[in-house]
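pasting the structure only:
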């Protein structure tokens, strides 16, 4: 049975919003982890706005975000999906809504704020300073002087997966799965978001692949259009829904993504 979603276009307001960066925050049963004060602070200076996409939560997530929307006077929005569709579709719907409302820079951020607000602001500053970059990715690199804290098992499993993903994409990328990514809105990005992703979990790989490989009517981006920025602060937050078993599923998804990217590339050619 097809999963029900409410198209983001149906939520676009008649009046286009201020042309400020818009960050999508996918959430599913995050009532115990949402730092509402931190999110309110993110939009306090009008330097960005947020769209929370509630992915069919069954706890009090929607009520908490509804209150946050009221408190921030429209700088934070809530897009409600009728049932749980997975992080990939939640992010896709949120980004489509942000684009429909006029934002020229969009991105997404994990609801647990493992990438803190200070780092998101720094990433946005880098994007503004480097007009040649169309895709900016936060990278969790444990360098001396940086406070990047990950559980050992997740770090090593992540390195194996990131290497496999880099080979799949034929793109020299260190960290495909960091939950903080920014994009300039271009026809290529809009075309990339036009259809749902193959994977519910590792959609980041397919999103980057669609941009790097191109598709029907869309030219691929040069590798120079992508950039990674090592995060100075990142930490695991208790309550993550990611489990070691998901890495096994991700391996199968990588194969499906590679096949889909090859098909799109042939259609472009």
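Alright, I've got the coordinates. Everything quoted here is computed from the prediction, not taken from an experiment.

buried stuff in stretch 259-269?
260, 261, 264, 265 (16 or more other Cβ atoms under 10 Å). (Glycine included, C-beta is placed from N, CA and C.)

what's the second one in contact with, if anything?
Taking Cβ atoms under 8 Å, 6 or more residues apart in numbering as the contact definition, residue 261 lies against 169, 206, 209, 210, 213.

where do the domain boundaries of this protein fall?
19-113, 128-269 (automatic domain parsing).

ok, back up a step: inside helices: which ones of the contacts of residue 261?
Among the contacts of residue 261, the ones falling in helices (DSSP state H) are 169, 206, 209, 210, 213.

so which of those is the most crowded?
With neighbours taken as other Cβ atoms under 10 Å, the top of the ones in helices among the contacts of residue 261 is residue 206, carrying 28 neighbours.

nearest to residue 124, of the buried residues of stretch 259-269?
Using Cβ to Cβ, residue 261 is the member of the buried residues of stretch 259-269 that lies nearest residue 124, at 28.5 Å.

look up how far residue 198 lies from that closest one.
9 Å (Cβ to Cβ, to the nearest Å).

for residue 230, same thing?
Distance from residue 230 to residue 198, by Cβ to Cβ: 29 Å.

who has more neighbours out of the two?
Applying other Cβ under 10 Å to residue 230 and residue 198 shows that residue 198 carries more neighbours, namely 19 against 15.

wait, isn't that one in contact with residue 254?
No: using Cβ atoms under 8 Å, residue 198 is not in contact with residue 254, being 9.7 Å away.

tell me which element the nearest residue to residue 58 once chain neighbours are set aside falls in.
Nearest residue to residue 58 in three dimensions, chain neighbours excluded: residue 29, at 6.3 Å (Cβ to Cβ, 6 or more residues apart in numbering). In this assignment (DSSP states H and E), residue 29 forms part of neither any helix nor any strand.

give me the number of residues near residue 29?
18.

contacts only, for it.
57, 58, 59, 61.

try residue 67
residue 36.

any idea how far residue 227 is from residue 75?
From residue 75 to residue 227 the distance is 27 Å (Cβ to Cβ).

the two - which one has more neighbours?
residue 75 (22 against 17).

could you find the closest non-adjacent residue to the residue positioned nearest the centre of the chain?
The residue lying closest to the centre of the chain (Cα atoms, centre = their mean) is residue 108, at 3.5 Å. Distance criterion Cβ to Cβ, 6+ apart; nearest residue to residue 108, sequence neighbours excluded, is residue 24 at 4.3 Å.

quick check, the one you found in a helix?
No: using DSSP: H, G, I helix; E, B strand; the rest coil, the assignment for residue 24 is strand, not a helix.

of all the residues in stretch 220-240, which ones are buried?
Under 16+ other Cβ under 10 Å, the buried positions of stretch 220-240 are 220, 221, 225, 226, 227, 228, 229, 231, 232, 234, 236.

who's in contact with the third one?
For residue 225, the contacting residues are 132, 133, 134, 135, 211, by Cβ under 8 Å, 6+ apart.

now list the buried members of the residues you listed.
133, 134, 135, 211.

tell me how far the second one lies from residue 237.
This means residue 134. In terms of Cβ to Cβ, residue 134 sits 29 Å off from residue 237.

low-confidence stretches in the stretch 101-250 of the chain?
239-247 (pLDDT under 70).

do a quick rundown of the helices in it.
117-129, 152-169, 187-192, 203-213, 244-268 (DSSP state H, counting those that start in this stretch).

quick one: distance of the fourth one to the chain centre.
Put plainly, it is helix 203-213. 12 Å (Cα atoms, centre = their mean, to the nearest Å).
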